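**Student:** When you get a sec, could you give me coordinates for this:
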Amino acid sequence: MRKLGVFNFISLDGYYKGLHDDISWNTHTQENSDFSAENLKAGSTLLFGRVTYEMMFSFWPSPMAYERMPLVAEGMNKAEKIVFSRTLKKAEWQNTRLIKDNMVEEIKKMKQLPGKDLTLLGSGSVLTQLADAGLIDEYAIMLNPVALGAGTSVFKNLKQQLNLKLTGTRTFKSGSVLLTYSPAKI
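**Tutor:** As a prediction, this is how the structure comes out:
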C-alpha cells in the first residue's frame, strides 16, 4: 500500500504563506537544497494543488533553477507529478497528470495500488481536505526561524482537530527545524 506524506514549510507563527502569498522568507541554504535533492531521489509521486503547481512550474524548468539548484531542478522536472484542479485546462509540465474531480476518492484509489509513495508539496487547501479525510500518513513540517505576523495557516479551514505524534526531528544550520509527525491513535 502506498503512503501519502506532506512536506510544507511554515513560519514560527504557523503560516506557510505570508501576506499576499509571499514565500520569500523560506530558508534556501545549500543544506536545505541538499536535503530536497536527497528526498527527490526517493522517487515519490509529487502532488500539488493548482496554485502550488503553477508556482513550481514557473520556476523549476527554468535555466535559473538549474543554475541555482541543479540537483533539485533535475529531480523536480523528472518526477512523476499530479496536479489537482477544477480550473486548469491542461498540465504542461513534463511528467504531470491533471485530476479535475474527486480528489479524495482518487487518492484513496492511488493509496491502494502498488507504486511509489505520494508526497504533497505546499498546497494548503488540498492538505486540509486530505487531512480531514484521514488520508495523510506523515506530515513533514519545516519550521523556519521567522515570525510573519500574518498570512495563511497551513491548516486553514481544517474541519476537525488533527491529533499528531512527533516521530522525528532534524535541525539545520540555518536554524530551521524539520518536524515529522504521524496521525496519533487516540
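
**Student:** For residue 81, grab the count of nearby residues.
**Tutor:** Neighbourhood size, residue 81 [other CB atoms under 10 Å]: 22. Any C-beta I mention is one placed from the backbone N, CA and C, and that applies to glycine too.

**Student:** Name whatever forms a beta bridge with residue 153.
**Tutor:** Counting by DSSP bridges, residue 153 is bridged to residue 15.

**Student:** Going by neighbour count, which residues in whichever strand or helix holds residue 35 are buried?
**Tutor:** Using DSSP states H and E, residue 35 sits within helix 30-41. Burial within helix 30-41, assessed by neighbour count using 16 or more other CB atoms under 10 Å, is assigned to 32-33, 35-37, 39-40.

**Student:** Just the CA trace of the helix or strand following it, in CSV.
**Tutor:** Counting by DSSP H and E, the next helix or strand C-terminal to helix 30-41 is strand 45-49. Presented in CSV, the C-alpha positions along strand 45-49 are these (Å, rounded to 0.1, in the frame of the first residue of the first chain):
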residue,chain,number,x,y,z
THR,A,45,5.0,10.9,-7.0
LEU,A,46,4.6,14.7,-6.3
LEU,A,47,1.1,16.1,-5.7
PHE,A,48,0.1,19.7,-6.0
GLY,A,49,-2.9,22.0,-5.9
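
**Student:** Check the spatially most central residue of the chain and give its pLDDT.
**Tutor:** Centrality entry for the chain: nearest residue to the mean C-alpha point is residue 121, 1.4 Å, by CA atoms, centre = their mean. Note on residue 121: pLDDT of 90.

**Student:** Kindly report the same for residue 43.
**Tutor:** The model's pLDDT for residue 43 equals 79.

**Student:** In space, what's closest to it - neighbours in sequence excluded?
**Tutor:** Nearest residue to residue 43 in three dimensions, chain neighbours excluded: residue 116, at 5.4 Å (CB to CB, 6 or more residues apart in numbering).

**Student:** check contacts around the residue nearest to the centre of the chain.
**Tutor:** Residue 121 makes contacts with 7-8, 46-48, 52, 56, as judged by CB atoms under 8 Å, 6 or more residues apart in numbering.

**Student:** between the residues you listed, which is nearest residue 146?
**Tutor:** residue 8 (14.8 Å; CB to CB).

**Student:** From the contact counts, what lies against the helix or strand in which that closest one is found?
**Tutor:** Remark: residue 8 resides in strand 4-10, with elements defined by DSSP H and E. With contacts defined as 3 or more CB pairs under 8 Å, 6 or more residues apart in numbering; DSSP states H and E, strand 4-10 has these neighbours: strand 15-17, strand 118-121, helix 124-132, strand 138-143.

**Student:** All good on my end, thank you.
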